[in-house]
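K.L.:
Generate coordinates for the sequence data below:
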Amino acid sequence: MLPTDLRSELVLQVPGLLGYARTITRDGPQAEDLVQETLLRALQRANSFQGQSSLATWLHRILHNLAVDMFRANREYAADDIERDVEEKWHDDSYSVDAAVVVERAETRQELEDALVHLPVIYRTAVVLHDAEGLTVKEIAQVQGVALPAAKQRLRRGRMMLVTALAQGKQRRQALHGVPLRCWDARSRVSDYLDQKLPEPDRALVERHLETCPTCPPLYASLVGARAALGALRDADTVVPPALAARIADLQPSALGSARSPDDSTSGRL
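P.N.:
Numbers count the residues shown, from 1 in each chain. From the prediction side, this is the model:
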């Protein structure tokens with residue numbers, strides 16, 4: 001069990017952990033769940049904290065591992081294509097960006113978070129841990145459980161990916177100009193929209209978004225199609241085969257009793 005003073009230290013770490021989680025997830029409830037689970041794991045594994053790293057580093061490592069598991073489950077972990085793309089761009093002597101656009105977007109929190117979310121998690125966390133949280137590369141290596149050279153490479157690539165994402169964000173924003181709601185805000189409401197659970201003002205916003213967004217309608221159409229297919233599967237499974245229907249019709253109370261195994265623990269009970 002954690003000593004009282006160390007337990008108090010955990011509480012002091014919550015604001016930093018929450019800020020970090022919000023930056024890498026862009027989802028408030030999800031970030032809060034990650035922090036809660038991090039503290040729970042820390043309490044459960046208190047004996048494993050030997051003080052070889054700072055408490056903040058230890059907690060960030062727990063949160064990082066939880067986030068990686070979550071992103072992997074959501075199929076957000078793959079990075080190979082983005083790695084190749086950024087390496088090819090930055091190896092090309094003719095590749096450049098509009099620095100004014102990049103800096104302007106970086107100074108706007110919403111734009112910066114929009115760019116960060118396009119980075120694979122191992123690079124996103126490296127950049128956020130170093131440039132936002134102030135951890136050293138050695139501490140990042142401890143958090144991510146990798147060697148120092150790998151941590152350096154992740155930070156280098158992550159920064160390159162971030163600049164490229166910030167530069168490309170101008171085109172994304174132009175395509176979405178005038179579209180109500182950000183895509184995630186609309187997509188997070190689509191399930192309730194499908195189930196007709198949204199209040200009318202939110203429903204109207206989602207419908208306007210779907211009318212004008214260039215990327216969300218195919219996702220929505222896919223959700224509708226998948227739900228319809230599952231409904232058809234349910235309807236098909238309600239047909240009882242004739243042979244089974246006949247067997248059920250022939251069932252007698254005595255048959256039910258004889259079907260019990262001799263060691264049935266419920267045998268003889270009312």
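K.L.:
Where does the residue nearest the centre of the chain fall, secondary structure wise?
P.N.:
For the chain, the residue nearest the mean C-alpha position is Phe71 (4.5 Å; Cα atoms, centre = their mean). Taking DSSP states H and E as the criterion, Phe71 maps to helix 55-73.
K.L.:
Counting by contacts, list what that helix packs against.
P.N.:
helix 4-25, helix 28-44, helix 121-127, helix 137-144 (3 or more Cβ pairs under 8 Å, 6 or more residues apart in numbering; DSSP states H and E). Every residue, glycine included, has its C-beta placed from N, CA and C.
K.L.:
Give me the contacts around it.
P.N.:
Helix 55-73 is contacted from outside by 6, 9-10, 13, 16-17, 20-21, 24-25, 30, 34-35, 37-39, 41-42, 45, 49, 53, 77, 121-122, 125, 129, 133, 135, 139, 142-145, using Cβ atoms under 8 Å, 6 or more residues apart in numbering.
K.L.:
domain ranges for the protein?
P.N.:
4-73, 80-175, 183-234 (automatic domain parsing).
K.L.:
Need those domains in CSV (columns: distance to Arg247 and mean pLDDT).
P.N.:
CSV is the format used below for these (distance: least, Cβ to Cβ, whole Å; pLDDT from 0 to 100):
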stretch, distance to Arg247, mean pLDDT
domain 4-73, 41, 84
domain 80-175, 53, 86
domain 183-234, 23, 84
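K.L.:
will you turn the ones you listed into TSV that also has distance to Ala249?
P.N.:
What follows is those, written out as TSV (distance: least, Cβ to Cβ, whole Å):
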stretch	distance to Ala249
domain 4-73	45
domain 80-175	57
domain 183-234	24
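K.L.:
Ala147 reaches Ala141, doesn't it?
P.N.:
Yes. The criterion here is Cβ atoms under 8 Å, and Ala147 meets it with Ala141 at 6.4 Å.
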